[in-house]
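> quick one, fold the following:
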Amino acid sequence: MKNKKLLASILLILISMAWGGSFVAQSKGGDIVGPFTFGFLRFLMAGIAILPVVAIHSKRNKTAAAVSYSSRELIKDGIICGFFLAGTSAFQQLGLFAGTPSGKAGFITSCNVLFVPIIGLLFKNKVKANVWASVVITVCGLYLLCVNEGFDVRLSDAYVLVCAVMNAARIVAVDRFKDKTDIIKLACVQFFSASAILGVPTFAFEARDISSWWSTVNQGSVWMALLYASVVAGAFAFTIQNVAQKHVDPTVSSILMSTEAVFAVLAGWMLMGDILSAKEIIGCCVIFVALIIAQLPDKKYKNKDEI
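Numbering: from 1, shown residues only. Okay, the predicted model is just below:
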């Protein structure tokens, strides 16, 4: 059992590394083909990549919930999640395209951990005291990370912050639907829905001339970035995450996956030469502390049997 927990923890850290590296792939790929095109193709490829997993998983897990859950409900819920996923991708890509460094974008995006319980208030969910404390700390961290000497916020950073809110809304939506169906089937519909939604601005703004658009897309560097973001950091990471989280405490898994932002900074520095100022680095550290505090169990909710 201990070996399984250790292996699962290592896998979650590797997934976080993959997600952190995806910010570099998104930045490089999006700069070449455009923010909407990259998201459109990324989720189309992720949806195709996860189809074999859906087929295998469906044969092994024919649960009562999955049987009673109609295809219409699956598609409806998948489209809702896909809408928020498309928004997450669009605003994140716009932020990266407009100039936010990949490492900085990673830390701003990670603030979704704090927006999730706040959005949960709309559904009368209780918010723990440590989460409210984390929100205050995060605001301080975001000030250091995003507000410049002129006391204004770069538009690119604002885009990424909207991305964090959209991702939080997606997480809340998935959480409300997860008990009704197979989560991997929901992810598959979510990927294809996000791709279809992003296809609208892609062909409206970036692919008016199909021939020119395809010649821009059809480059080795673009396909490498897309394969990494869609397969390695997409379908593969999502599948491994679902398996690994079965063997690790939810609080521990959340903390381990929070290291995604740290790996985003390291990847940006190593692969793109991104350098953050001392003020921005302090802001990243403050946000990281807030993320850890937000995910620690509250004593009031602690199980009596825990030591």
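> going forward, measure contacts and count neighbours with C-alpha atoms only.
Noted.
> now for Lys124, how many residues are close by?
9 (other Cα atoms under 10 Å).
> next, give phi and psi for it.
Torsion angles at Lys124 (phi, psi; degrees, to the nearest 10) stand at phi 60, psi 30.
> what do you get for Asp182?
Per degrees, to the nearest 10, the backbone of Asp182 is at phi -70, psi 120.
> from Leu145, how far off is it?
Using Cα to Cα, to the nearest Å, we find Asp182 at a distance of 39 Å from Leu145.
> of those two, which one has the most company?
Neighbour totals were compared for Asp182 and Leu145, and Leu145 leads with 26 against 21 (other Cα under 10 Å).
> what is whatever helix or strand that one lives in packed up against?
Per DSSP states H and E: Leu145 is located in helix 129-146. In terms of contacts (3 or more Cα pairs under 8 Å, 6 or more residues apart in numbering; DSSP states H and E), helix 129-146 is packed against helix 112-120, helix 278-295.
> and the angle for the shortest one with helix 278-295?
So the one you mean is helix 112-120. On the basis of axes from the mean of the first three to the mean of the last three Cα atoms, to 10 degrees, helix 112-120 is oriented at 50 degrees to helix 278-295.
> where does the protein have low pLDDT?
1, 61-69, 149-151, 249-254, 298-307 (pLDDT under 70).
> what comes into contact with stretch 153-167?
84-85, 87-92, 94-100, 105, 108-112, 115, 146-147 (Cα atoms under 8 Å, 6 or more residues apart in numbering).
> now the element after the helix holding Leu145, going C-ward?
Next along the chain after helix 129-146, taking DSSP H and E as the criterion, comes helix 155-177.
> that following helix versus helix 129-146: what angle between them?
Helix 155-177 and helix 129-146 are oriented at 150 degrees to each other (the same axes, to 10 degrees).
> output the helix holding Leu145 as PDB, nothing but the C-alphas.
Only the C-alpha atoms of helix 129-146 are listed here, as PDB (Å, rounded to 0.1, in the frame of the first residue of the first chain):
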ATOM      1  CA  ALA A 129     -11.500  30.000   7.200                       C
ATOM      2  CA  ASN A 130      -8.100  29.000   5.800                       C
ATOM      3  CA  VAL A 131      -9.500  29.600   2.200                       C
ATOM      4  CA  TRP A 132     -10.500  33.100   3.100                       C
ATOM      5  CA  ALA A 133      -7.100  33.700   4.600                       C
ATOM      6  CA  SER A 134      -5.600  32.400   1.400                       C
ATOM      7  CA  VAL A 135      -7.700  34.700  -0.700                       C
ATOM      8  CA  VAL A 136      -6.300  37.700   1.200                       C
ATOM      9  CA  ILE A 137      -2.700  36.400   0.800                       C
ATOM     10  CA  THR A 138      -3.200  35.700  -2.900                       C
ATOM     11  CA  VAL A 139      -4.400  39.300  -3.500                       C
ATOM     12  CA  CYS A 140      -1.100  40.500  -2.000                       C
ATOM     13  CA  GLY A 141       0.800  38.000  -4.200                       C
ATOM     14  CA  LEU A 142      -1.100  39.100  -7.300                       C
ATOM     15  CA  TYR A 143      -0.300  42.700  -6.500                       C
ATOM     16  CA  LEU A 144       3.400  41.900  -6.300                       C
ATOM     17  CA  LEU A 145       3.200  39.700  -9.400                       C
ATOM     18  CA  CYS A 146       1.000  41.800 -11.700                       C
END
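> just the residues contacting that helix, thanks.
So helix 129-146 is contacted by 104, 108, 111, 114, 117, 153-154, 157, 279-287, 290-291, 293-296, 298 (Cα under 8 Å, 6+ apart).
> in that helix, what counts as buried?
Of the residues in helix 129-146, those with enough neighbours to count as buried (16 or more other Cα atoms under 10 Å) are 130-132, 134-135, 137-139, 141-146.
> quick check: Glu206 vs Met224, distance?
With distances taken as Cα to Cα, Glu206 is found 20 Å from Met224.
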